[in-house]
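Chemist: Have a look; sequence and predicted model below, questions after that.
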Amino acid sequence: MVHSNLSKPRFSGILLHLSSLPFGGTCGTFGEPSRKWIRLLSQNEISVWQFLPLTPTDDTGSPYSSPSSFAFNPWFLDANDLAEEGFISKQTVKELPDTFCSSNTLKLDFSLANLRSRKLSRALRNHWDQQSLEKHLEFDEWRLSQFWLDDYVCFMELSRQNNGLPWWEWPEEFSLHDLDQLEEWKSRYKDYLLEQKLLQWHLNRQWKALRKIAQVNGVLLFGDLPFYVSRNSADVWSNRSLFSVLPGGNLLNQSGVPPDYFSETGQLWGTPVYNWQVHKNTNYKWWRSRLKHQWLQVDLLRLDHFRAMDSYWSVPGSHLTAENGCWLPSPGLELLTILKNDFGPSLPLVAEDLGVITEEVECLRDYFGFPGMKILQFGFDGNLSNPYLPENIKGYKWIVYTGTHDNATTNGWWREQGDEIKERFSQRDKGNFESPSWKLIEMGMYTDSILFISPLQDILSLGNEARLNTPGTTEDNWNWNLSDFDNVVYLALKEYSTLSKTSGRSFKEVHNIFKDFL
């Protein structure tokens, strides 16, 4: 909680992705690392844990460019919990590769994490025949209920067999998603496909158990959903009529944003835009399944690039820059209305509405009552009407951040600023904190927003050595790891809790307040 009153209670949260948690072998897992983190949040009466998409990553480690919109990242499967339940042996756990036996770095090693997942999947398959009939029936019931699963496991195994090449470079009988060819192939490689299915089943089991723990401890789980999906994904490979791709895989139209002050050629993202007419013809079945899947996992969901719900920048697929695109309308009003009919009047969505946002986008956001986002680091350019200045954040339905996963840490940001911005910033200091990040945290706590969130890196006063992502780059991102839940972490969380003037509430109370006010 943050500075609450009886009519409008307010909350605090922390942004920390699963991969940055310690003690999981190569990165955090759905097991004890997450359980311990949830207990720490609860003990300090911090109400919200925000994280990035839980889906598998691309080769650069980005969870925003995933091979699946529906699968969990296999890195997050907890081997110790599997051994405790008898799905693998404890000796297998000892033999798995981990960061601590291979390196003294605090950076996540993607290749090591992938190797660990492969060895774990093989161990699960090798022990599968030893499992009880009850477990086999439980697994069969689950896999038959997951419409996306067969295409996903085929996609991952075909990618492995084709040395990681994108699907449009596979042999034609597979790149074209020929069902007859796939049936014969699936029979031949059923053991390898079983490995992938077992991974996803256990991930689902572990996450469901973790969500119950979060509920008992009064911690809301706040997820993240990219607007677009990767071209090289099971989603596009198996449902290409829904996306702007040609049968052979070439992009017909691709996503991005137009030129602006920061980029003369705009940003080209390389993901296919949606064939909205096809989605409309199918009554938005894919989108509805996607959101339902997410809301079974989390209590609150950030929709990235929300402005594309109103209109989107479409660039010809052959172009190398985003300059010659055009704005096209999206059926966001119709889609969100259908989702509202499906899931109730209070959709637990947060609009990522950063950047240049039109009045039409704001109207769409406000019509459905979604909170928007405010980033305090953006506020100190000298413009007194800057919407990110603390005093300009009016109203309740905002989620205020020091920065996000795409920003420098606040202390790193501070070191990059000139004297003029530092002077403006320092004049606003109401406390005696030595760290710029704590000054910004305090400013955020004093806004009227329903929720204030700080990345853990800012609470720990870390510099850019702990930055998670630098947009527009592909090297050295997504790999920051917290080394330990040590005394430094405990004291920082206690200070954060004290500053936010917390007051404990049960999960049901917190959930109902969010439902009422969001």
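Modeler: That came through fine.
Chemist: just the strands in the chain please.
Modeler: 11-15, 48-50, 220-225, 253-257, 267-272, 300-303, 311-316, 326-329, 349-351, 372-375, 398-401, 451-455 (DSSP state E).
Chemist: What are the buried residues along the first one?
Modeler: This points to strand 11-15. By neighbour count with 16 or more other Cβ atoms under 10 Å, strand 11-15 contains the buried residues Phe11, Ser12, Gly13, Ile14, Leu15. C-betas here are computed from N, CA, C, even on glycine.
Chemist: if we can go back for a sec, TSV please, covering the strands of the chain and showing mean pLDDT and distance to Asp140.
Modeler: Converted to TSV, the strands of the chain look like this (pLDDT from 0 to 100; distance: least, Cβ to Cβ, whole Å):
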stretch	mean pLDDT	distance to Asp140
strand 11-15	96	38
strand 48-50	98	32
strand 220-225	98	28
strand 253-257	97	38
strand 267-272	95	34
strand 300-303	98	29
strand 311-316	97	40
strand 326-329	98	44
strand 349-351	98	33
strand 372-375	97	42
strand 398-401	97	41
strand 451-455	97	40
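Chemist: can you tell which of those is closest to Lys119?
Modeler: Checking the strands of the chain against Lys119 by Cβ to Cβ gives strand 220-225 as the closest, at 28.1 Å.
Chemist: And the closest one, what does it pack against?
Modeler: Helices and strands touching strand 220-225, by 3 or more Cβ pairs under 8 Å, 6 or more residues apart in numbering; DSSP states H and E, are strand 48-50, helix 190-216, helix 285-295, strand 300-303, helix 507-517.
Chemist: Format the ones you listed as TSV; extra columns: mean neighbour count.
Modeler: Converted to TSV, these look like this (neighbours: other Cβ atoms under 10 Å):
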stretch	mean neighbour count
strand 48-50	25
helix 190-216	18
helix 285-295	17
strand 300-303	21
helix 507-517	16
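Chemist: one step back: would you reformat the strands of the chain as JSON lines and include distance to Phe155?
Modeler: JSON lines is the format used below for those (distance: least, Cβ to Cβ, whole Å):
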{"stretch": "strand 11-15", "distance to Phe155": "30"}
{"stretch": "strand 48-50", "distance to Phe155": "29"}
{"stretch": "strand 220-225", "distance to Phe155": "20"}
{"stretch": "strand 253-257", "distance to Phe155": "21"}
{"stretch": "strand 267-272", "distance to Phe155": "16"}
{"stretch": "strand 300-303", "distance to Phe155": "24"}
{"stretch": "strand 311-316", "distance to Phe155": "26"}
{"stretch": "strand 326-329", "distance to Phe155": "29"}
{"stretch": "strand 349-351", "distance to Phe155": "28"}
{"stretch": "strand 372-375", "distance to Phe155": "33"}
{"stretch": "strand 398-401", "distance to Phe155": "34"}
{"stretch": "strand 451-455", "distance to Phe155": "32"}
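Chemist: Of all these, which one is nearest Glu183?
Modeler: Counting by Cβ to Cβ, and looking across all of these, nearest comes strand 267-272 at 26.9 Å.
Chemist: buried residues in that closest one?
Modeler: Gln267, Leu268, Trp269, Thr271, Pro272.
Chemist: Kindly report the same for stretch 172-192.
Modeler: Here stretch 172-192 shows Phe174, Ser175, Leu176, His177, Leu182, Trp185, Tyr189, Tyr192 as buried, counting by 16+ other Cβ under 10 Å.
Chemist: Quick check: the farthest pair among those?
Modeler: Longest span within the buried residues of stretch 172-192, Cβ to Cβ: Leu176 and Tyr192, 21.1 Å.
Chemist: and the end-to-end length of stretch 25-44?
Modeler: Distance across stretch 25-44, first residue to last, is 26 Å (Cα to Cα, to the nearest Å).
Chemist: gap between that stretch and the chain center?
Modeler: Remark: stretch 25-44 is offset 17 Å from the chain centroid, using Cα atoms, centre = their mean, to the nearest Å.
Chemist: can you check stretch 222-234 too?
Modeler: Stretch 222-234 sits 9 Å away from the centroid of its parent chain (Cα atoms, centre = their mean).
Chemist: One more: stretch 191-198?
Modeler: With Cα atoms, centre = their mean, you get 25 Å for stretch 191-198.
Chemist: can you list contacts of that stretch?
Modeler: Stretch 191-198 is contacted from outside by 121-122, 124-125, 128, 139, 143, 149, 152-154, 156-157, 160, 186, using Cβ atoms under 8 Å, 6 or more residues apart in numbering.
Chemist: Can you go through the residues you listed and name the buried ones?
Modeler: Buried subset of the contacts of stretch 191-198 (neighbour count, 16+ other Cβ under 10 Å): Ser121, Leu124, Arg125, Trp128, Phe139, Arg143, Leu149, Tyr152, Val153, Cys154, Met156, Glu157.
Chemist: what's the weakest-modelled helix or strand in the chain?
Modeler: helix 99-102 (a mean of 53; mean pLDDT, DSSP states H and E).
Chemist: Could you list the low-pLDDT ranges of this structure?
Modeler: For the chain, the stretches flagged by pLDDT under 70 are 1-7, 99-105, 429-433, 501-518.
Chemist: Recalculate using a threshold of 80.
Modeler: 1-9, 99-106, 261-262, 428-434, 500-518 (pLDDT under 80).
Chemist: From Trp269, how far out is Thr474?
Modeler: Distance, Thr474 to Trp269, by Cβ to Cβ, to the nearest Å: 13 Å.
Chemist: What of Glu434?
Modeler: Distance from Glu434 to Trp269, by Cβ to Cβ: 40 Å.
Chemist: Check Thr447 too.
Modeler: From Thr447 to Trp269 the distance is 31 Å (Cβ to Cβ).
Chemist: and of the strands of the chain, who's closest to Thr409?
Modeler: Among these, strand 451-455 comes nearest to Thr409, with 7.0 Å by Cβ to Cβ.
Chemist: Can you list the strands that that closest one pairs with?
Modeler: Each strand paired with strand 451-455, and its direction, by DSSP bridges: strand 11-15 (parallel), strand 398-401 (parallel).
Chemist: which residues are in contact with the last one?
Modeler: Residues outside strand 398-401 that contact it (Cβ under 8 Å, 6+ apart): 15, 350, 371-376, 393, 444, 447-455.
Chemist: Distance from it to the middle of the chain?
Modeler: 17 Å.
Chemist: mind exporting that strand as CSV, just the C-alpha atoms?
Modeler: Output of strand 398-401 as CSV, limited to C-alpha atoms (Å, rounded to 0.1, in the frame of the first residue of the first chain):
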residue,chain,number,x,y,z
TRP,A,398,-2.3,5.7,-13.5
ILE,A,399,0.5,3.3,-12.8
VAL,A,400,3.6,5.4,-12.1
TYR,A,401,7.2,4.1,-12.5
